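Chemist: give me the fold of what follows.
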Amino acid sequence: MSSAVSAVIAASVTLITAFVTQFLAERYRRFKDGAALAAGTAGELASYSDAVPLLGVSLRTAQEQVALGNMSSLNFRDFEKPQDRYFPKVVDKLGLLGPQLCEWIIYVYANLDAFRSALVLIHSKHSEMTADELQARIVLCVDAMGRAFSAGEELIEALRARSNERFRVLGP
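Modeler: Down below sits the predicted model:
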């Protein structure tokens, strides 16, 4: 009887150990995937930040020209809407970062998309717009860029902090 009890205890310990090991391995894999996702997203967003001041100057200059009645002097060229390279490939994995970072990322990328859409429209259709419409669209474009940039700066720091966190066996 004692050998049967010993065998059951040994089997139980083996099963529990296997279960705990699998659980921890999966937690660690998800943690590392989340860290890589955070670093990649931070990198993509950070790569856009140098362009913001240049775009701001360009759009303010356009506003000034429109206000002065010099719409014909605007030298906008058509271009294709810029696309993110990293974000579309990982959007289905954002849950690895938790609800707060996920919401923040979506907010920033939605405002980036709004900015890009407005900029493409301004560039491609400015000659068909009245001065008032063009001014309004430039303001909307600048506002979307400002929202994306403001939230994006803080988000980049939060993503970098997440990507540098250490794995905790018992922590969140």
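Chemist: quick check: phi and psi on the spatially most central residue of the chain?
Modeler: Closest residue to the average C-alpha location of the chain: Ile105 at 4.0 Å, with C-alpha atoms, centre = their mean. The phi/psi pair for Ile105 (degrees, to the nearest 10) reads phi -60, psi -50.
Chemist: show me the contacts for it.
Modeler: Thr41, Leu94, Leu97, Leu155, Leu159 (C-beta atoms under 8 Å, 6 or more residues apart in numbering). Every C-beta, even on glycine, is put in place using the N, C-alpha and C of the backbone.
Chemist: change it to 10 Å
Modeler: Counting by C-beta atoms under 10 Å, 6 or more residues apart in numbering, Ile105 touches 37-38, 41-42, 45, 87, 90-91, 94, 97, 151-152, 155, 158-159.
Chemist: next, count neighbours for Asp143.
Modeler: Neighbour count of Asp143, defined by other C-beta atoms under 10 Å: 14.
Chemist: that one contacts Asn111, correct?
Modeler: Yes: the pair Asp143 and Asn111 qualifies as a contact (C-beta atoms under 10 Å) at a distance of 8.9 Å.
Chemist: counting by contacts, list what the strand or helix carrying Gln22 packs against.
Modeler: Using DSSP states H and E, Gln22 maps to helix 2-48. Applying 3 or more C-beta pairs under 10 Å, 6 or more residues apart in numbering; DSSP states H and E, one finds that helix 2-48 contacts helix 87-90, helix 99-125, helix 131-163.
Chemist: before I go, just wanted to say thanks for your time.
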